[in-house]
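Novice: only the shape, not the letters, is given here:
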C-alpha cells in the first residue's frame with residue numbers, strides 16, 4: 001500500500017485562498033484541504049485497517065452526513081437507538097480523520113470492538129485517496145451525495161456560523177462562496193471528483209458499496225431505510241420498525257433533542273452541537289442563489305456529471 005508521510009512539509013504543497021485573507025487550503029492527492037487535516041488524513045490512509053463487519057459512511061461535507069449517521073446507527077443498534085436522544089450523532093459515529101486519527105496513529109478506539117457490536121465510522125476522505133484501503137476490504141461503504149447547489153448553501157451557512165463564533169472573521173459572502181465552489185477549491189473538493197469517485201466504486205462493487213442521494217432519501221425515507229437495512233445485513237422484521245427509525249431520525253425530531261440544540265462544543269471542533277442542524281430541505285438554494293449563480297453551477301454540473309451519464313444535480 002502506498003504510504004503518505006504524516007509529517008510531510010505542507011509548504012511543498014500547492015495552496016489557494018478559499019475565503020478571506022488568511023484562510024487557505026492545500027492540495028494533496030488532487031483534493032483541497034485545510035492544512036490541519038493533512039496529517040490525520042495521512043494517518044487514516046497509512047493505518048486504518050477496516051474489519052469485514054465495519055460500516056463506513058462516506059460523504060462530501062454538508063450533504064446530509066449527520067442525518068445519515070443517525071439512520072445507520074439506529075439500524076445497527078436498534079436496542080440502543082434511544083441514545084440518539086442524549087448523544088450527538090457525531091459522537092456516536094465518529095469521523096476517522098477528524099476524531100479517531102486526529103492525534104494518534106492507533107488510538108484505543110480501534111484496538112477492539114465489543115462482541116457483536118459493529119463499528120461505524122464516518123469520513124470525508126475521497127475515494128481517490130482511500131482507494132487501496134477500500135478496494136481491499138469487505139466492509140460495507142455507504143456514500144451519500146446532495147445537489148451541488150444545496151451543498152453550497154449548507155456549506156456557506158456552516159462556515160459563517162464558524163465565523164460568528166470566532167468573532168474576528170468577516171462574513172463569507174455568497175458571491176465568493178459560489179466562485180470558490182465553481183473554481184473547485186473548496187475544502188475537501190473538488191465536489192464533483194469526490195462524488196464521481198465513490199459513484200464509480202459503487203458501480204464496480206455494488207455488493208459492498210451503496211451510493212444514494214439526499215433527494216431520493218428525503219422523497220422516500222421509508223423505502224431507503226429498508227434498503228439500507230437489507231444492504232447492511234440487518235433486515236427489518238416489520239414495517240413498524242422501519243417507521244420508528246424514520247420518525248426518530250427525522251431532522252425535525254433530531255433537531256429538537258437538547259443535545260442537538262446545545263451551544264456547547266465538542267472537543268474535536270470549535271463549533272456548538274447545534275451547528276450541525278439547520279433546515280435540511282431540498283431546493284433551499286432557490287432562496288439564496290441568483291439565476292446567474294444557478295446557471296454557472298448547472299453548466300459545471302453538466303460538464304462534470306452529465307457528460308459521464310450521471311444525470312444528477314439539475
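Specialist: Yes, it's here. The structure presented is a predicted model; accordingly, all values stated were derived computationally and were not measured.
Novice: excluding covalently adjacent residues, which one is nearest to the residue positioned nearest the centre of the chain?
Specialist: With distances taken as C-alpha atoms, centre = their mean, residue 59 lies nearest the centre of the chain, 3.1 Å away. Spatial nearest neighbour of residue 59, excluding adjacent residues (C-beta to C-beta, 6 or more residues apart in numbering): residue 65 at 4.5 Å. (Glycine included, C-beta is placed from N, CA and C.)
Novice: quick check: the one you found vs residue 98, distance?
Specialist: Distance, residue 65 to residue 98, by C-beta to C-beta, to the nearest Å: 11 Å.
Novice: repeat that for residue 210.
Specialist: Taking C-beta to C-beta, one finds residue 210 at 23 Å from residue 98.
Novice: returning to what we had before: ok, now which ones touch the residue nearest to the centre of the chain?
Specialist: Listed by C-beta atoms under 8 Å, 6 or more residues apart in numbering, the contact set of residue 59 reads 65, 68, 122, 123, 124, 143, 144, 145.
Novice: surely residue 282 is within a strand?
Specialist: No. If the criterion is DSSP: H, G, I helix; E, B strand; the rest coil, then residue 282 is coil and not within a strand.
Novice: sorry, back to before: how near is the residue nearest to residue 59 to residue 121?
Specialist: Taking C-beta to C-beta, one finds residue 65 at 12 Å from residue 121.
Novice: so what sits against both of those two?
Specialist: Shared contacts of residue 65 and residue 121, counting by C-beta under 8 Å, 6+ apart, come down to residue 57.
Novice: find the nearest non-adjacent residue to residue 288, please.
Specialist: Nearest residue to residue 288, sequence neighbours excluded (C-beta to C-beta, 6+ apart): residue 153, at 5.4 Å.
Novice: what's the neighbour count on the one you found?
Specialist: Using other C-beta atoms under 10 Å, residue 153 is surrounded by 25 other residues.
Novice: ok, it touching residue 285?
Specialist: Yes. Using C-beta atoms under 8 Å, residue 153 is in contact with residue 285, at 4.8 Å.
Novice: pLDDT weak spots in the protein?
Specialist: Applying pLDDT under 70 to the chain picks out residues 1-3, 6, 20-22, 107-115, 164-169.
Novice: strands along that one, start to end?
Specialist: Along the chain, the stretches classed as strands by DSSP state E are 15-19, 23-28, 31-33, 55-59, 120-123, 140-145, 209-213.
Novice: what does the second one rub up against?
Specialist: Taking C-beta under 8 Å, 6+ apart as the criterion, the residues outside strand 23-28 that touch it are 10, 13-18, 32-35, 38, 41, 129, 185-187.
Novice: separation between residue 82 and residue 48?
Specialist: 30 Å.
Novice: between these two, who's got more neighbours?
Specialist: residue 48 (23 against 11).
Novice: buried ones among the contacts of strand 23-28?
Specialist: 13, 18, 32, 33, 38, 41, 129, 185, 186, 187 (16 or more other C-beta atoms under 10 Å).
Novice: closest to residue 116 out of these?
Specialist: Checking those against residue 116 with C-beta to C-beta, the nearest one is residue 41 at 30.8 Å.
Novice: any idea how far residue 129 lies from residue 293?
Specialist: Counting by C-beta to C-beta - residue 129 and residue 293 are separated by 30 Å.
Novice: report how many residues lie close to residue 295.
Specialist: For residue 295, using other C-beta under 10 Å, the count is 11.
Novice: could you report the separation of it from residue 302?
Specialist: Taken as C-beta to C-beta, the span from residue 295 to residue 302 is 11 Å.
Novice: what's the overlap in contacts for residue 65 and residue 98?
Specialist: In contact with both residue 65 and residue 98: residue 124, using C-beta under 8 Å, 6+ apart.
Novice: settle it for me: which of these two has more neighbours?
Specialist: residue 65 (24 against 19).
Novice: mind listing what that one touches?
Specialist: 57, 59, 122, 124, 144.
Novice: residue 180: which of those residues is nearest?
Specialist: Scanning the contacts of residue 65 for proximity to residue 180, where the rule is C-beta to C-beta, the winner is residue 124, at 16.8 Å.
Novice: what residues are up against the closest one?
Specialist: Residue 124 makes contact with 58, 59, 60, 61, 65, 95, 97, 98, 188, according to C-beta under 8 Å, 6+ apart.
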